[in-house]
Structures are given as structure tokens and as C-alpha cells.
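Asks: Whatever this is, show me its structure:
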Amino acid sequence: MVKCVSILGSTGSVGRQTLDIVEHLQIPVAALTAGQSVERMAQQCRKFRPMLAVMATREAAEALQRELSDLPTKIAWGEEGLIKAATMPQADCIITAIVGMLGLKPTLAAIREKKRIGLANKETLVCAGELVMAEAKKYGAEIVPVDSEHSAIFQCLMPSLDTRQVKRIILTCSGGPFYGLSKEELKKVTKADALRHPTWKMGQKITIDCATLMNKGLEVIEAMRLYDLPLEQVDVVIHRQSIVHSMVEFSDGAVMAQLGTPDMRLPIQLAMTYPERCDSPVEKLDLTACEPLTFSKPNLEHFPCLALARDCAKKGGTACPAMNGANEEAVALYLQDKIGFYDIYRLVAQAVDAVPFIKEPTLEQILEADALAREAVRNAISE
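Replies: Residues are numbered from 1 along each chain as shown. This is a model prediction of the structure:
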């Protein structure tokens, strides 16, 4: 079990659930980071007493400083603050619960300090997976996935994590709130509809990604990077009940699955206790009370973001960071009611085509591809 943690993105859904587990396991907190949620961060600091608290902007940091003037917690802000939180010597584990590309540099910094990475920021591996995994191998840093699907695969492969006898990984997907709808019906869905996920309670961005199935596309790329497998060995099936969190099929035809109630606290806890298991506050699975478990193929025509992500995964290079950056920008516009549901796919596909392709990009070229893709989306709606 880890001895002390820093949580990047502590005020979000995964961050708050991480603090539930931290409290349950009685693990000290070195640092907490957040965006603009000053009030919630102040409450967390008063309860968990971190040595460092980081906000996204100077204004938010100054507001937090006023709230915590009676505490010894140091306050920082911006990317520099995030990197400081990720590299504090007191923390041996960093939970990366930040959404988006913002998590990439702090994760790399933590890896170079040989921290255990409890990885909940899938964009880190989607955009720079080969670079990140190479750095982890170079510095001897552990990466333990926190996403329920990748944690399931991790658990199926424990204790050796050897993939040489793996025939394929099968990622399960709830299908989101729009499973079974026709294309005509999908053209009329609202933001409020998209934010009603059938089984998971998550932040807005990832919930929209689940509605478009882009989230599963991102997870396909993440699985390829984590387990060093080609695209052809990573499949997706729709599993509406969210009980089977993912499966591994081995070369002899045997299939192993990890089952559990849909509660992120289980993979979060494992990221901190691995290779041990401890009692958790998660509701235990009662198979006799479950509805029948069903599986089906995803409809790539109705949900083209998944197909687009697989195309980008096959192409590799800057296609993946361009797709991710464009998607973040398009989802933000959708959440502002500036574009429609299918406009997300259209804008992302156009942006990927617009960004110059580099097969083996440097970190700087990855960041540039991300920026160019975001700019392409903004330009497309301003025309």
C-alpha cells in the first residue's frame, strides 16, 4: 500500500471518490489540485490538511489563500503548481484525475520522480502513450490504471501483467444514454439527454464522450498503449448493465472477466493498495440480484466517433492528439449549446484532417497538434 498521495483534480468526480478511499484507508495527503472550485477545495483542505493546494489560475489561488489563511497549507497555481504537486517528495503515489491534456506534463514529471501513477487521465496515454510508457520503463515508475475498464484488464492479468498469451482485450461499454436510438432520433437529442448516463455518475465532459462513444474510442487507444498491443487485439462490446468491467481472451480461448458494482472507488482503491487488496466501502456485488447480463456489438454508423478513434489509433502519430484536442474543444462547444450532437463528430473529423500528420512526434509536436486541432474547431464554427 502506498504511504502518501497527491491528487491532481481533487474536486472532480474521480478526485472526490479518491478522497473517500483516502479517508477509508487513512492515507496522508501531500497535495490537492483543482480548477476554479475554491469553496470545495477549501473544504477538502480543512478536512485532509495537504501541504500544498494548487488552483488553475492566480485569481482562484488568491481566493483560496484568503479562505485558508489560518492553515499552514501552501498555495500555488497553474502548470508550475501542478508539476510541483506531482513531484512532492512526500507522496509516493499520484492520482491523476485531471480531465484533458492538462494532465500530460505533470504525469511525465511524476514518472521521472519514480512515483506510482494512479492513472485516471486517459488523454495522457491517448496523446502521448508511447512516450509516457517509455519514460515509465526508463525511470521504473508504476502505472496502475484507475479507469474501471483498464483496471479490470489489469486485474485479469495480475500478478505478472504478461500479455504474451493474450489473444485480445475486450472493453465493455454501457452504450451511453442513447443506445438503440435511430440516427434521426440522435439528431434531436439535447445536452440534458446526453448528460443522463444510465449507470455512472461522472463529470460533464466524460459523460458527453460516453454519449458519443468517443470515450470508448479513447479507451481503445489507452489499452493499446498500456498493454503494448496492436489495434486488432482490442475490441469493444456493449454491456448495458456495467457489471462486467472488461475481459481478456487468452490464446487458448479462455476468457477472464472482472465483475463488480459500477463504483469507481474499487479501481481507485486498488491503484493505492496494489498488489494487496483491502476491505473497501464499495457495495458488494450480488449476482442473484443482477438483471441478465447482455452483450452486443456497437453501432459504428450511429456512433461514428468510435470508428474515428479506431482510425486514428491505426494511423498513430499526431492523429491521436489532434483527435483528442478537437474532441475536447467540440464537447466544450456542445456543453455551451453552440453545436449539435453530430457536429461533435463532424468537427473532430475535419480537424484531424486539417492538422499536418507526423508519424513519430516529439512532445512539442504532440502539444502543437493538440493546439492546431483546437484552433481548427474554433475556426470551423466561426466561419
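Asks: ok, which stretches of the stretch 201-350 of the chain are strands?
Replies: For the stretch 201-350 of the chain, applying DSSP state E, counting those that start in this stretch gives strands covering 234-238, 244-250, 255-259.
Asks: beta partners of residue 249?
Replies: residue 168, residue 255 (DSSP bridges).
Asks: Next one: it relative to residue 167, how far apart?
Replies: As judged by Cβ to Cβ, to the nearest Å, residue 249 and residue 167 stand 5 Å apart. Backbone N, C-alpha and C define where each C-beta goes, glycine included.
Asks: the more surrounded of the two?
Replies: More crowded of residue 249 and residue 167, by other Cβ atoms under 10 Å: residue 249, with 18 against 15.
Asks: Can you get me a residue count around residue 28?
Replies: 15.
Asks: returning to what we had before: what about the strands of the stretch 201-350 of the chain, which gets the closest to residue 39?
Replies: Within these, the stretch nearest residue 39 is strand 244-250; the backing value is 33.3 Å (Cβ to Cβ).
Asks: Give me the contacts around the closest one.
Replies: Here strand 244-250 makes contact (Cβ atoms under 8 Å, 6 or more residues apart in numbering) with 148-153, 156-157, 165-172, 255-260, 293.
Asks: and with 7 Å instead?
Replies: For strand 244-250, contacts defined as Cβ atoms under 7 Å, 6 or more residues apart in numbering pick out 148-149, 152-153, 156-157, 165-172, 255-260, 293.
Asks: Of those residues, select the buried ones using a ChimeraX command.
Replies: Filtering these down to the buried ones (16 or more other Cβ atoms under 10 Å) takes a single ChimeraX command:
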select :148,149,152,153,156,157,166,168,169,170,171,172,257,258,260
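Asks: Would you work out how far apart the start and end of stretch 225-244 are?
Replies: Taking Cα to Cα, to the nearest Å, stretch 225-244 runs 22 Å from one end to the other.
Asks: what is the rounded mean pLDDT of that stretch?
Replies: Confidence for stretch 225-244, expressed as mean pLDDT, is 96.
Asks: Now for the nearest residue to residue 355 once chain neighbours are set aside: which residues touch it?
Replies: The shortest distance from residue 355 to any non-neighbouring residue, by Cβ to Cβ, 6 or more residues apart in numbering, is to residue 322 (4.1 Å). Residue 322 is in contact with 351, 352, 355, 369, 372, 373, counting by Cβ under 7 Å, 6+ apart.
Asks: ok so the last one is a helix residue?
Replies: What it means is residue 373. Yes - using DSSP: H, G, I helix; E, B strand; the rest coil, the assignment for residue 373 is a helix.
Asks: Surely it is in contact with residue 350?
Replies: No - look at residue 373 against residue 350 with Cβ atoms under 7 Å: they stay out of range, at 9.6 Å.
Asks: Pick out whichever of those two has more residues nearby.
Replies: Using other Cβ under 10 Å as the criterion, residue 373 and residue 350 rank with residue 373 on top: 29 against 16.
Asks: How much space separates the more buried one from residue 79?
Replies: 20 Å.
Asks: repeat for residue 256
Replies: Taken as Cβ to Cβ, the span from residue 256 to residue 79 is 40 Å.
Asks: Same question for residue 333.
Replies: To residue 79, residue 333 is 24 Å away according to Cβ to Cβ.
Asks: Those two - which one has more neighbours?
Replies: The neighbour count for residue 333 versus residue 79, taken as other Cβ under 10 Å, is higher for residue 333 (19 against 12).
Asks: What about the closest residue to that one other than its chain neighbours, how many residues nearby?
Replies: In this structure, residue 333 finds its nearest non-sequential neighbour in residue 339, 4.8 Å apart by Cβ to Cβ, 6+ apart. For residue 339, the count of nearby residues is 19 (other Cβ under 10 Å).
Asks: Alpha carbons only: can I get stretch 265-275 in CSV?
Replies: Extracted in CSV, the C-alpha atoms of stretch 265-275 (Å, rounded to 0.1, in the frame of the first residue of the first chain):
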residue,chain,number,x,y,z
ARG,A,265,-13.9,3.6,-5.8
LEU,A,266,-13.0,0.0,-6.3
PRO,A,267,-10.3,0.6,-9.1
ILE,A,268,-9.2,3.8,-7.2
GLN,A,269,-8.5,1.8,-4.1
LEU,A,270,-6.7,-0.9,-6.0
ALA,A,271,-4.4,1.7,-7.5
MET,A,272,-3.3,2.6,-4.0
THR,A,273,-3.2,-0.9,-2.4
TYR,A,274,-1.8,-2.9,-5.3
PRO,A,275,-0.5,-5.7,-5.1
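Asks: May I see the buried residues of it?
Replies: Neighbour-count burial for stretch 265-275 [16+ other Cβ under 10 Å]: 265, 266, 267, 268, 269, 270, 271, 272, 273, 274.
Asks: mind checking pLDDT for the first one?
Replies: Note for residue 265: predicted pLDDT of 96.
Asks: Just give the closest residue to residue 93, not the sequence neighbours.
Replies: Nearest non-adjacent residue to residue 93 (Cβ to Cβ, 6+ apart): residue 2, at 3.8 Å.
Asks: hmm, I was thinking of residue 212
Replies: Distances taken as Cβ to Cβ, 6+ apart put residue 305 closest to residue 212, at 4.4 Å, once the chain neighbours are dropped.
Asks: looking at it, that neighbour is touching residue 213, isn't it?
Replies: Yes - using Cβ under 7 Å, residue 305 is in contact with residue 213, at 5.5 Å.
Asks: of the two, who's got more company?
Replies: Counted by other Cβ under 10 Å, residue 305 and residue 213 do not tie: residue 213 has more neighbours, with 29 against 25.
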